[in-house]
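**Q** Next come a sequence and a model predicted from it.
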Amino acid sequence: MSSPVSTILAPGATPPWLPREVAEGRKFAWWAQIMFFLMALIWFVLAIAFIVLYVVDGGGGKLAVGVFGLFAMIICFLAGVFEKRTVIDAIDQGRFHDAKNDSLIWILFGMIGFVLPALFLILTYVKVSDAIAAQAPVGYQPYAPGTVVAQQPAYGPPPGPVQAPPPAPIQQAPAAPAGHHGHQTPMVRCKNCSVQYPMFMHSCPNCGAPKE
C-alpha cells in the first residue's frame, strides 16, 4: 500500500532497464521536483515575513510581495506534484515522448521557482530527446505534413474477372510497454551481457548490442 508521501514525492531510485540518457534525465527531473518543493517552502517563509512586516510597519509594497509569495508557493507546490505524474512517472512507464513534451510545460512554471527547477528540467528534456533520437531507426526521416499526395493510376484495369487477393496472414502486434494500468513490461535478455531490458527497445541499454 502506497503512503501519501510516495504519491507526491517520486522515489529517487532509477529503474535498471532505462537507457543511460533517460536514466540521467530522470535524475534531473527528480531534482527538479525537489527544487519545486524547496522553492515552495522558501516562498512561504518570505510571504509570511513580508505580511508580518506589513502588519507591523505598513507599506503596500510589503503586502504585494507577501501576496505574490503565497501565489508562488502554491504554484511551485502544485508544479512539483504534477511534474511527478507527467514526467517522472511517464519515464518509469517507458512513455519517453510524453515525458519530453510535458517537461516543456514545467520549464515555464520553473521560472517562478528562482529558475532552479527550470534548469534541471531543461537537462531532462535534452537527455530524453537524445535517447529518443538514438532509438530511432537509422535513416528514418518522417514526411512533413502535406508533402505526400496520393496519385491516381493513368491506366485502366485489364478486362476480365477481377480476382480478390488472398487474405494477408494475421500478425501479432508487438507488446507495448507498461502504462497506467500497471501491466508487467515484456522483457528480453541480451545475448551479449545477459542484462534484461524491455522488448520494445531496439538495443541493450547496458552494452548497446542490438536486439536479435
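**A** Received the coordinates, thanks.
**Q** Can you read off the pLDDT for the closest residue to H202 other than its chain neighbours?
**A** Take H202 and drop its neighbours on the chain: the residue closest to it by Cβ to Cβ, 6 or more residues apart in numbering is Q135, 5.4 Å away. Where C-beta positions appear, they are placed from N, C-alpha and C, glycine not excepted. pLDDT, Q135: 73.
**Q** neighbours of Q135, just the number please.
**A** Using other Cβ atoms under 10 Å as the criterion, Q135 is surrounded by 16 other residues.
**Q** quick check: longest helix of this protein.
**A** In the chain, with assignment by DSSP state H, the single longest helix is helix 20-57.
**Q** After that one, which helix or strand is next?
**A** helix 60-83 (DSSP states H and E).
**Q** Against which helices or strands is that next one packed?
**A** For helix 60-83, the contact count by 3 or more Cβ pairs under 8 Å, 6 or more residues apart in numbering; DSSP states H and E identifies helix 20-57, helix 96-110, helix 116-135 as packing neighbours.
**Q** a markdown table please, covering those helices and showing distance to A64.
**A** Supplementary listing: the helices and strands packed on helix 60-83 in a markdown table, determined by distance: least, Cβ to Cβ, whole Å:
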| stretch | distance to A64 |
| --- | --- |
| helix 20-57 | 8 |
| helix 96-110 | 21 |
| helix 116-135 | 23 |
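**Q** Low-confidence stretches in the protein?
**A** Scanning the chain for pLDDT under 70 picks out 1-3, 112-113, 136-184.
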